[in-house]
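In: Only the shape, not the letters, is given here:
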């Protein structure tokens with residue numbers, strides 16, 4: 001058994017830092033010594049999931065122990081943890097949609113604690129079994145996960161940079177490359193330039209987009225967007241609630257007709273339709289941020305032949321996409337180190353959440 005300090009959501013909006021107990025791996029399980037864990041709005045949401053859980057769903061670390069059925073990992077391997085754990089055998093996995101696995105995906109299973117485990121009581125808190133966020137629980141010194149949740153990383157990649165690949169980077173980059181398939185020479189609009197939006201910008205740059213227009217209400221975020229590849233910026237006014245004024249500025253920058261692609265990265269429900277107003281006829285609008293509320297959309301915005309897609313997690317195939325992202329990083333074509341604005345010890349999680357909610361960071365990361 002391994003004892004570990006962990007961030008534990010109480011289920012009522014609060015959390016505590018306390019000790020959990022983790023059993024040795026069995027079956028296809030892997031014990032990972034966590035080195036870094038990304039901090040995301042989903043982690044903040046997990047404080048109100050109605051039950052105690054070990055928090056965290058982005059992370060990177062080192063394999064400490066392996067179960068007897070583990071075949072592709074060994075002690076000492078550096079790994080990135082993936083929260084959309086595939087089974088590789090269900091209909092969706094066989095279709096190439098590993099991010100929406102019918103057996104393990106948090107989305108298809110209907111909760112963010114899916115993922116399956118060989119031993120149900122593998123992690124305990126105060127002598128009672130406790131679930132882990134997305135079957136990972138990365139905000140802990142150690143985490144017991146399935147082998148399928150691990151992607152081997154290169155040992156010379158800093159752990160904070162590796163940790164953020166598994167959510168915000170993959171979601172932004174993949175929405176461009178895997179979902180929208182942005183073409184070279186095209187024009188792209190990115191609404192919201194937080195962590196995910198910056199990675200949409202990076203994906204568009206890597207895809208060869210000739211015009212990348214960043215839209216935000218904060219000047220400092222737009223300056224950061226330029227560093228990540230934005231060619232043009234639009235400072236939106238808070239009074240422009242549907243961004244229709246900003247949409248007119250986009251048209252002015254795109255030959256009067258609108259952009260080829262527009263990506264919504266704010267998670268603000270009222271902006272769910274905004275990318276439709278930004279794209280030309282037969283353009284593609286992409287809802288990246290995962291809005292999960294009922295919204296009203298003027299169907300005139302769909303005219304004519306516009307596409308609206310809502311991909312999850314950048315349609316990630318982790319064993320394929322994570323190594324690609326790391327290679328792009330190693331070649332200097334994709335920025336990861338620069339994404340990590342600040343690192344925190346586990347005991348400073350409250351401050352990390354405050355900085356995230358205030359928009360101070362592109363990405364905050366816990367380090368162990």
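Out: The structure has been received and is ready for your questions. Small disclaimer: the values here were computed from a predicted structure and weren't measured. Numbering: from 1, shown residues only.

In: ok, and the closest non-adjacent residue to the residue positioned nearest the centre of the chain?
Out: Against the mean C-alpha coordinate of the chain, by CA atoms, centre = their mean, the closest residue is residue 167 at 2.2 Å. Distances taken as CB to CB, 6 or more residues apart in numbering place residue 58 nearest to residue 167, at 4.5 Å, with adjacent residues excluded. C-beta here means a position set from N, CA and C on the backbone, and glycine is covered the same way.

In: likewise residue 157?
Out: residue 326 (6.1 Å).

In: Let me know whether that neighbour touches residue 165 as I believe.
Out: Yes - using CB atoms under 8 Å, residue 326 is in contact with residue 165, at 7.2 Å.

In: Compare neighbour counts for those two and give me the winner.
Out: residue 165 (31 against 21; other CB atoms under 10 Å).

In: any idea which element the nearest residue to residue 104 once chain neighbours are set aside lies in?
Out: Excluding the flanking residues, the one nearest residue 104 by CB to CB, 6+ apart is residue 85, at 4.5 Å. For residue 85, there is no host helix or strand (DSSP states H and E).

In: secondary structure class for residue 44?
Out: Here residue 44 is recorded as helix under DSSP: H, G, I helix; E, B strand; the rest coil.

In: is it true that it touches residue 352?
Out: No - contact criterion CB under 8 Å: residue 44 and residue 352 do not qualify, at 9.9 Å.

In: out of those two, which sits in the more crowded spot?
Out: Between residue 44 and residue 352, counting by other CB under 10 Å, residue 352 is the more crowded of the two (25 against 17).

In: Identify the residues contacting the more buried one.
Out: Neighbouring residues of residue 352 by CB atoms under 8 Å, 6 or more residues apart in numbering: 39, 342, 344, 364, 366.

In: Bridged to the second one, which residues?
Out: Same thing as residue 342. residue 364 (DSSP bridges).

In: so it touches residue 366, yeah?
Out: No - here residue 342 does not reach residue 366: they are 10.4 Å apart, not a contact under CB under 8 Å.

In: So between these two, which is more surrounded?
Out: With neighbours defined as other CB under 10 Å, residue 342 and residue 366 compare such that residue 366 has more, 29 against 17.

In: Greatest separation within the contacts of residue 352: which pair is it?
Out: Farthest-apart pair in the contacts of residue 352 is 342 and 366; separation 10.4 Å (CB to CB).

In: Tell me the gap between the strand or helix carrying the residue nearest to residue 157 and the middle of its chain.
Out: If you go by DSSP H and E, residue 326 is part of helix 318-330. Counting by CA atoms, centre = their mean, to the nearest Å, helix 318-330 is centred 15 Å from the centre of its parent chain.

In: So which elements touch that helix?
Out: strand 150-152, helix 168-174 (3 or more CB pairs under 8 Å, 6 or more residues apart in numbering; DSSP states H and E).

In: Quick one: residues in contact with it.
Out: With CB under 8 Å, 6+ apart as the test, helix 318-330 has contacts from 80, 82, 84, 86, 98, 151-154, 157, 161-162, 165-166, 169-170, 173-174, 178, 206, 314, 334-336.

In: Any of those residues buried? List them.
Out: 80, 82, 84, 86, 98, 151-153, 157, 161-162, 165-166, 169-170, 173-174, 178, 206, 314, 334-336 (16 or more other CB atoms under 10 Å).

In: what mean pLDDT does stretch 172-185 have?
Out: Stretch 172-185 comes out with an average pLDDT of 98.

In: Straight-line length of it, end to end?
Out: With CA to CA, to the nearest Å as the measure, stretch 172-185 spans 19 Å from end to end.

In: got the buried residues for it?
Out: Buried-residue list, stretch 172-185, by 16+ other CB under 10 Å: 172-180, 182.

In: now swap in stretch 71-79 and tell me
Out: 73, 77-79.

In: cool, and stretch 7-23?
Out: Here stretch 7-23 shows 7-9, 15, 17, 20, 22 as buried, counting by 16+ other CB under 10 Å.

In: What's the end-to-end length of that stretch?
Out: End-to-end for stretch 7-23, by CA to CA: 18 Å.

In: who's in contact with it?
Out: By CB under 8 Å, 6+ apart, stretch 7-23 touches 1-6, 31, 46-56, 119, 121-125, 130, 133, 139-140, 142-144, 346-347, 349.

In: neighbours of the residue lying closest to residue 340 once chain neighbours are set aside, just the number please.
Out: Spatial nearest neighbour of residue 340, chain neighbours left out: residue 160 (4.8 Å); criterion: CB to CB, 6+ apart. When counting by other CB under 10 Å, one arrives at 23 neighbours for residue 160.

In: domain parsing for this protein?
Out: Domain assignment for the chain by automatic domain parsing gives 2-158+336-367, 172-311.

In: Need the ones you listed in a markdown table (columns: distance to residue 318).
Out: Supplementary listing: the domains of the chain in a markdown table, determined by distance: least, CB to CB, whole Å:
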| stretch | distance to residue 318 |
| --- | --- |
| domain 2-158+336-367 | 4 |
| domain 172-311 | 10 |
